[in-house]
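*Asks:* Structure for this input, please:
(2 chains, ligands or ions: 2)
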Amino acid sequence: MRKIFDFHGGIHPPENKRQSQQGGIRDAGIPPELVLPLSQHIGAPAKPTVAVGDRVLKGQMIAEANGFVSVPVHAPTSGTVSAIEDRLIAHPSGLPAPCIVIASDGLDEWTELAGISDYRQLPKADLLNRIREAGIAGMGGAGFPTAVKLSTRPGSQVATLIINGTECEPYITADDILMRERPGRIVEGVKILQHLLAPGETLIGIEDNKPEAIAALRAATAGSNIEIVVFPTKYPSGGEKQLIEILTGKQVPSGGLPLDIGVICQNVGSVAAIADAVLLGQPLISRITTVTGEAVREPGNFSVLLGTPMNYLLARAGFQPDRNRRLVMGGPMMGFTVADAGVPIVKTSNCLLAPSEAELPSPPPAQACIRCGMCEQACPASLLPQQMFWFAQAREFEKLEQHKLFDCIECGACSWACPSNIPLVQYYRASKAEILQLRREHEKSEQARLRFEARQERIERDEAEKVAKRAARKLAAEKRAQEAATGGGETDPIQAAIDRARAKKAAQQAGDAADTNPRDKLEKAVTSTRQRLETASAKLAQAEAEGSDLVAALQTGVDKTRARLEAAEQALRDFTAAAEEAPLQETPVDPAAAAIARAIAARASEAALDPAEKSRKQLAALEQRLEKTRARLAASQGAGEEQKIIDALESSVSLLEEKVSAAKQQLNNPEGV
Amino acid sequence: MALMRVTSPHAHGPMSTSRVMQNVLLATIPGIIALSHFFGYGTLVNLAWACIVALACETLALALRRRPIGFYLKDCSALVTATLLAIALPPYAPWWLIAVGIACAILLAKHLYGGLGYNPFNPAMAAYVILLISFPVQMTAWAPPRGLEQLPGLMASLQACFTPGAYDGVTMATPLDLMKQNNSLLIADLYAQTPQFGRWAGLGWEWVNLAFLAGGAWLLYKRIFSWHAPVAMLASLSLFAAVFYDGGSSASGGSPLFHLLSGATMFGAFFIVTDPVTSAVSVRGRLVYGAMIGALVYIIRVRGNYPDAVAFAVLIMNFAAPFIDNYTQPRTYGHQSGGSEK
Ligand code: SF4
Ligand code: SF4
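*Replies:* Ligands and ions are numbered 1, 2, ... in the order given. The predicted structure is shown next:
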């Protein structure tokens, strides 16, 4: 018998699972309109591949993954794309988000599917790609792209594959019913994962309040190397970190991944979807959703097409709107209320809870915290919720972080247990958001500071070089004058040699004053440019892998850096050639002085352009760049792109503005630096 | 109709603060019965008068602070404070002593600091100490237990409280006083020669303590609070008593059993040390907090000048609770060690 570990805290809320366990899986049918959010997962939203008016078939991809951490979206039934627009979706923020709307034609006509039974012949990368292309994202509630979770780094060993059949939240029975009615599917999926990951052991963890599911899976796994592990019911044992501790006794390091301790966790729903995707070639277009609560007459589990509006589904379960004041997507512990009953079911919608007021009463006003410690005894992360509440009220963010606020999994156990009805989790969420915001602002100002310092340094360096060059020029002139004086026919070869040596030394000193002699400088320029090119290319590769929108910008950066590198290398080659030539010519000219002279000449030719003319040119180029970047920024803001990108664009706009104004100033006042 | 938008969790547990307080009140019943049985109606009169004054003070404080009175009175915390102070005071205490005590507890120790949850000191114990320092005579006048003297009747008890001048009660040294004053008798002889001693500790006192123990055990069973602080306190008190017992010489401080069943030990352990507001918060913190109180109780009882030590020990540790919290942060999931890394 396997040893079961316990985790700290946890609570035993009334399970309320019986209501929805009756009647097996019911089909919710095809609603007249399906609304498919482009973002039903964690990561970049998918990119539409259809246009309004297109006819789509069931299972056809209508939006493609946009980057590495992203998954595609498929049409759940056949019909016509009637709109691509912002709609209200099931999201805690309650904000509208881009969706593809399909008017179904009722034919439910499948696109052509290509399943494979012999997936063992397939390269693992292809297998992973199938899972990804099927649009599977964690169906237990989080919605993290499954393929990403399964992409282990080469060399990392999966000791334990854990299949999560815990379903610890009250009311929800979607996984339970799946395990009871389709254990075979799950086992097939698990076998695919075993092939893919070659784990040391495979465990399916289930709470002991699901005897039928346990029996069904035991029967289905008989004779295999999949072990069913049953443990006592306690909320939140289905939390990934808690489940891992229960089954392995190990804790996922803070800020780390389960894979860091050799564990990969998958929800049973996702595993069944993997089986469908690989064996039948079916993308993820429907899921099992529990509809329950006292405001529905016939609670139960429904097989629902993704994109089905909630009110359509509720009507199927006998919804009584007059008995209901809040609709919860998810369970009573971690679910969130939706703003409108028309929002669609998505990949992560495991439950739709329509409670009556008596069932889940409106939260009463909070009383004072009496520091009773019931929250602490309930916390599965071993935090001190009452202390964090104190600090959150006082906005003592540093203390909050010291008290490990970011290890809070927002499970709600503390709020549930609090006798004073304090909405603790709400405080933690708000504080987390605020801290993250502060961190971002801090980072921004830090970057601005670094930029400023770099500019300052550059100006100082240029100044130092100028001074050094002036000194060198003066020296050379003196030397020429001396030569002229001593010259006039009979040149003393010894004296000439001494002079040369002296001049060379002086030149070198002058070079040293500028911190480098010309060759070193050129070489340095080459190496540093090369380094810059390397980092830029690496960034570009990464951005490409993630499908980031920065790819284009990075590409131009890389191209420019490459051009600069070539120029620098050319300069170095020229210089070396010249330096080698010089002694062969046996001219009395000192090579060092010659080099300096050449450098001066080059500078002069560069400066041959009227300085004002040059500045004007620069200014024009800068202004052009600024214009372009501004346009891009506006476009991305309009498209509601990721904050990261907008931030980056904003900062480059402000940088360019700075440069433009500097250039303008230079133009008006050429002497001033 | 707009749908309600609230954040998770949507479900809530069965526990409420008023229920916690009501349970605490219920749990004092066995102790109060035992006290009344052995010392007469005095405690009940204390209790009734204290509750009336407490409700009045609480209402006044809430009105002055412009808080919803009904909402806050419902949490029953004022009644708990009144009950705890009434139990701690000597029976047949004059009415003004009780009134001053309650006013100190509710107005000074509680509302001046911001009300329930914000008070750093246990209100009942803070008031007790203020009274003890201000009115040492009245505060040390303990009635003799049943069996040694005739207990006053109900009328006499009321009289003792409300017309203190007219009542001339008998008082007697408590077993803790006797134990401290004793410097010539072996403990066994002390027990045999002094009528105030019973089988294990003071006559009557041992049963009072056992009754509070029973009430406390019930609270533990109901999970109103965790066992850590009270058990740590009792354990450390016993440990100190055992170490210094030396077999019962005249200089010894009394056996562990004597200390466990004397004075306010059990009452303190289960009704004062467990006061969540003023104790340490984490499990380890509460163990430390309780153990230090136990040690202080022993030291003050044996070395100090006051009849009992629970109130002082608790107040001192109330001071220390925030520091204990700072050093006993539990190890969070996924971290190597607890404590605040600074
Ligand atoms: S459970 Fe509520 S009242 Fe008790 S300590 Fe925690 S936050 Fe305070
Ligand atoms: S919500 Fe956070 S603090 Fe509260 S019990 Fe869960 S993990 Fe602990």
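*Asks:* ok, for A:Lys47, nearest residue in space, not its chain neighbours?
*Replies:* Counting by Cβ to Cβ, 6 or more residues apart in numbering or on different chains, A:Lys47 lies nearest to A:Asn66, which is 4.5 Å off, once chain neighbours are set aside. All C-beta atoms are positioned from the backbone trio N, CA, C, and that covers glycine.
*Asks:* Let me know how buried the one you found is, in neighbour terms.
*Replies:* 21 (other Cβ atoms under 10 Å in any protein chain shown).
*Asks:* is it fair to say it lies in a strand?
*Replies:* No. Secondary structure assignment (DSSP: H, G, I helix; E, B strand; the rest coil) places A:Asn66 in coil, not in a strand.
*Asks:* Any chance of the backbone angles for it?
*Replies:* When read as degrees, to the nearest 10, the backbone of A:Asn66 gives phi -120, psi 80.
*Asks:* pLDDT at the closest residue to A:Lys250 other than its chain neighbours, what is it?
*Replies:* Distances taken as Cβ to Cβ, 6+ apart place A:Ile261 nearest to A:Lys250, at 5.0 Å, with adjacent residues excluded. Reported pLDDT at A:Ile261 in the predicted model: 90.
*Asks:* Let me see the ranges of the helices in the stretch 301-450 of chain A.
*Replies:* Ranges of helices within the stretch 301-450 of chain A are A:310-316, A:374-378, A:385-393, A:397-402, A:413-417, A:424-486, based on DSSP state H, counting those that start in this stretch.
*Asks:* ok, A:Leu626 - how many residues close by?
*Replies:* By other Cβ under 10 Å, neighbour count at A:Leu626 equals 19.
*Asks:* Also A:Ser537?
*Replies:* That count, for A:Ser537 with other Cβ under 10 Å as the rule, works out to 16.
*Asks:* Find the nearest non-adjacent residue to whichever residue of the stretch 51-200 of chain B sits closest to chain A, please.
*Replies:* Residue nearest to chain A within the stretch 51-200 of chain B: B:Gly117 (3.6 Å; Cβ to the nearest Cβ). Counting by Cβ to Cβ, 6+ apart, A:Ala368 is the residue found nearest to B:Gly117 once chain neighbours are left out, at 3.6 Å.
*Asks:* gap between stretch A:154-162 and the chain center?
*Replies:* 23 Å (Cα atoms, centre = their mean, to the nearest Å).
*Asks:* Name the residues that touch it?
*Replies:* A:152, A:190, A:193-194, A:197-205, A:243-244, A:247-248, A:259, A:261-266 (Cβ atoms under 8 Å, 6 or more residues apart in numbering or on different chains).
*Asks:* That stretch spans what distance, first to last residue?
*Replies:* By Cα to Cα, to the nearest Å, the extent of stretch A:154-162 from end to end equals 20 Å.
*Asks:* What of stretch A:352-366?
*Replies:* End-to-end for stretch A:352-366, by Cα to Cα: 27 Å.
*Asks:* buried ones in the longest helix along chain B?
*Replies:* Longest helix of chain B, by residue count under DSSP state H: helix B:42-64. The neighbour-count check on helix B:42-64 (16 or more other Cβ atoms under 10 Å in any protein chain shown) flags B:42-51, B:53-55, B:57-59, B:61-62 as buried.
*Asks:* model confidence over stretch B:100-118, on average?
*Replies:* 88.
*Asks:* can you list contacts of it?
*Replies:* In contact with stretch B:100-118 (Cβ under 8 Å, 6+ apart) are residues A:367-371, A:420, B:50, B:53-54, B:57-58, B:60-62, B:65, B:67, B:72, B:75, B:77-78, B:81-82, B:85, B:89, B:119-124, B:126-128, B:130-131, B:134, B:277.
*Asks:* Now restrict the contacts of stretch A:154-162 to buried residues only.
*Replies:* Of the contacts of stretch A:154-162, these count as buried by 16+ other Cβ under 10 Å: A:152, A:190, A:193-194, A:197, A:199, A:201-205, A:243-244, A:247-248, A:259, A:261-266.
*Asks:* can you tell me which of the residues you listed are in strands?
*Replies:* A:Glu201, A:Thr202, A:Leu203, A:Ile204, A:Gly205, A:Val263, A:Ile264, A:Cys265, A:Gln266 (DSSP state E).
*Asks:* Now do the contacts for A:Leu95.
*Replies:* Here A:Leu95 is in contact with A:Leu88 (Cβ under 8 Å, 6+ apart).
*Asks:* any idea how far it lies from ligand 1?
*Replies:* 30 Å (Cβ to the nearest ligand atom, to the nearest Å).
*Asks:* for B:Asn119, same thing?
*Replies:* From B:Asn119 to ligand 1 the distance is 14 Å (Cβ to the nearest ligand atom).
*Asks:* got it, and A:Ala75?
*Replies:* 48 Å.
*Asks:* And for A:Pro211?
*Replies:* 33 Å.
*Asks:* What of B:Leu35?
*Replies:* Distance from B:Leu35 to ligand 1, by Cβ to the nearest ligand atom: 30 Å.
*Asks:* For the helix or strand hosting that residue, which helices and strands make contact with it?
*Replies:* Assigned by DSSP states H and E, B:Leu35 belongs to helix B:29-39. Helices and strands touching helix B:29-39, by 3 or more Cβ pairs under 8 Å, 6 or more residues apart in numbering or on different chains; DSSP states H and E, are helix B:42-64, helix B:77-88, helix B:205-221.
*Asks:* looking at those helices, which is closest to ligand 1?
*Replies:* helix B:77-88 (11.9 Å; Cβ to the nearest ligand atom).
*Asks:* Please save the CA atoms from that closest one in PDB.
*Replies:* C-alpha atoms of helix B:77-88 as PDB (Å, rounded to 0.1, in the frame of the first residue of the first chain):
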ATOM      1  CA  SER B  77     -17.300  40.100  23.400                       C
ATOM      2  CA  ALA B  78     -18.300  42.600  26.100                       C
ATOM      3  CA  LEU B  79     -20.200  39.800  27.900                       C
ATOM      4  CA  VAL B  80     -17.100  37.600  27.700                       C
ATOM      5  CA  THR B  81     -14.900  40.300  29.200                       C
ATOM      6  CA  ALA B  82     -17.400  40.900  32.000                       C
ATOM      7  CA  THR B  83     -17.700  37.200  32.700                       C
ATOM      8  CA  LEU B  84     -14.000  36.600  32.900                       C
ATOM      9  CA  LEU B  85     -13.400  39.600  35.200                       C
ATOM     10  CA  ALA B  86     -16.400  38.600  37.400                       C
ATOM     11  CA  ILE B  87     -14.900  35.200  37.800                       C
ATOM     12  CA  ALA B  88     -11.400  36.600  38.600                       C
END
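*Asks:* which residues touch that helix?
*Replies:* A:370, B:17, B:21, B:24-25, B:28, B:31-32, B:35, B:43, B:46-47, B:49-51, B:53-55, B:57-58, B:98, B:101-102, B:105-106, B:110, B:116, B:123-125, B:127-128, B:264, B:267, B:271-272, B:311.
*Asks:* what angle separates it from helix B:205-221?
*Replies:* Interaxial angle of helix B:77-88 relative to helix B:205-221 (axes from the mean of the first three to the mean of the last three Cα atoms, to 10 degrees): 160 degrees.
*Asks:* Measure how far helix B:77-88 is from the centre of its chain, please.
*Replies:* 9 Å.
*Asks:* any idea of the angle it forms with helix B:42-64?
*Replies:* Using the same axes, to 10 degrees: helix B:77-88 against helix B:42-64 is 150 degrees.
*Asks:* re the thing from before, okay, angle between the longest helix of chain B and helix B:29-39 too, please.
*Replies:* Going by the same axes, to 10 degrees, helix B:42-64 makes 130 degrees with helix B:29-39.
*Asks:* Does anything pack onto helix B:42-64? Which helices or strands?
*Replies:* helix B:29-39, helix B:69-73, helix B:77-88, helix B:95-103, helix B:154-162.
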